[in-house]
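**Student:** here you go, sequence then predicted model.
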Amino acid sequence: MSSQLATLAALKLVKFLKRGTAEHKGSAGKALLIGGAPGMAGALLLAGNACLHLGAGWTMLEMFDPASAHAYQDSPELMIHLASSEIDSVLLNTQPDVIAIGPGLGKSDLASAWLMGVLHYPNIPLIIDADALNLIAASRDLLEALQKRNQQFPGQSVITPHPGEAAKLLGISSEDVQANRLSALEKLIALTQSIAVLKGQHTLIASPKNAALQCQEGNPGMGTGGMGDILTGSIAAITAQGVRHQLDLWESTSIAVQLHAAAADSLVSKGIGPIGLTPSETILEMRSLLNKLL
Ligand SMILES: NC(=O)C1=CN([C@@H]2O[C@H](COP(=O)(O)OP(=O)(O)OC[C@H]3O[C@@H](n4cnc5c(N)ncnc54)[C@H](O)[C@@H]3O)[C@@H](O)[C@H]2O)[C@@H](O)CC1
Ligand SMILES: Nc1ncnc2c1ncn2[C@@H]1O[C@H](COP(=O)(O)OP(=O)(O)O)[C@@H](O)[C@H]1O
């Protein structure tokens, strides 16, 4: 299969992120990240740290865990707010340039309500990951809301399932997904009409408009909890900057997918991993690679 697929080669697009001397945080965009239920606050913090270090102008977190909804000494730049049922007013007051929902979101009624709220929030890029995908897999209403959003605003959502999440969305096993990853990717796009990133060895990306590309970078050191969360935060950061730097969601996602895997390879080449490679180290390596590519 791999020989038939074109290779993802998106890093040449990084130069679009180069900042003019008069640019300010407004030009770098506002990202709103939603998740972090009790026991999984770390997933949202990892996504937030990735978003911050990959250059979003503002990184705002809607945190579901009341005990974790506070400022952090290690990353006081993150603007953290306790998620409540005031969903529409938060979205209206925040006016985000991009929303990412899912890291550690959980499957509570409030989580479903937030997901429905962001699916109804109009024409901005939306990144859907982790438990947000599991919620869509379990709810026809949420799936229909996603399909309707994509009919109204094509190209403005991306789903980022790992094989387990892809399997739930498609109603098959993760072994079936892995046995024919390209077919699973195509089915995910047919089902959701979103840009789709099927993670795992040789991550695949495609959209209703774009044929599948295969990421050649990446390594098994990436098999650490939180590695997908930082991809979500990175897509959010690059998309937030892309809004005013002529990059669309497809291009921003493509950059993030390749940069993420390339950073993990770069760390392994320096002896940092594969065993014990952490998502937090990968964030800093992504920042370093990104700035070298400008
Ligand atoms: N620090 C934290 O708080 C973390 C929280 N997390 C959150 O935990 C929740 C549950 O997510 P999880 O993904 O951990 O658990 P899930 O139960 O959703 O998925 C794990 C299963 O997916 C399948 N799978 C995943 N990757 C695969 C691959 N490359 N090849 C084949 N099969 C694969 C396997 O069957 C695996 O057992 C999410 O909301 C997530 O964001 C995780 O991101 C880990 C870190
Ligand atoms: N063997 C591998 N080769 C390449 N990339 C991998 C490998 N294992 C995991 N990854 C990557 O690591 C990330 C794991 O994401 P995910 O499973 O969502 O993690 P989490 O939910 O714990 O944050 C994905 O980007 C995936 O492509």
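**Tutor:** Perfect, thanks for sending it. Residues are numbered from 1 along each chain as shown. Ligands and ions are numbered 1, 2, ... in the order given.

**Student:** near ligand 2, which residues of this protein?
**Tutor:** By C-beta under 6 Å from any ligand atom, the residues of the chain that approach ligand 2 are 130, 162, 199-201, 203, 218-220, 222-223, 225-229, 231. C-beta here means a position set from N, CA and C on the backbone, and glycine is covered the same way.

**Student:** how about a cut-off of 5 Å?
**Tutor:** Counting by C-beta under 5 Å from any ligand atom, the chain comes close to ligand 2 at 162, 199, 201, 203, 218, 220, 222-223, 225-229, 231.

**Student:** for PyMOL, what selects the buried ones among those?
**Tutor:** Applied in PyMOL, the following selects the buried portion of these according to 16 or more other C-beta atoms under 10 Å:
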select buried, resi 162+199+203+218+222+226+227+228+229+231
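
**Student:** next, the closest residue to ligand 2 within the stretch 101-250 of the chain: secondary structure please.
**Tutor:** The minimum distance from the stretch 101-250 of the chain to ligand 2, using C-beta to the nearest ligand atom, falls at Gly228 (2.1 Å). When classified by DSSP: H, G, I helix; E, B strand; the rest coil, Gly228 comes out as helix.

**Student:** which element is Ile255 on?
**Tutor:** Assigned by DSSP states H and E, Ile255 falls within helix 249-269.

**Student:** Leu5: neighbour count?
**Tutor:** 19 (other C-beta atoms under 10 Å).

**Student:** how about it, what does it touch?
**Tutor:** Leu182, Leu204, Ala212, Leu213, Gln214 (C-beta atoms under 8 Å, 6 or more residues apart in numbering).

**Student:** hmm, Asp129 and the residue of the stretch 101-250 of the chain closest to ligand 2 touching each other?
**Tutor:** Yes. With contact defined as C-beta atoms under 8 Å, Gly228 reaches Asp129; the gap is 6.7 Å.

**Student:** who touches both of the two?
**Tutor:** With C-beta under 8 Å, 6+ apart as the test, Gly228 and Asp129 both reach Pro103, Thr160.

**Student:** please state the offset of stretch 4-16 from the chain centre?
**Tutor:** In terms of C-alpha atoms, centre = their mean, to the nearest Å, the centre of stretch 4-16 is set 17 Å apart from its chain centre.

**Student:** and Ile172, how close does it get to Pro76?
**Tutor:** As judged by C-beta to C-beta, to the nearest Å, Ile172 and Pro76 stand 44 Å apart.
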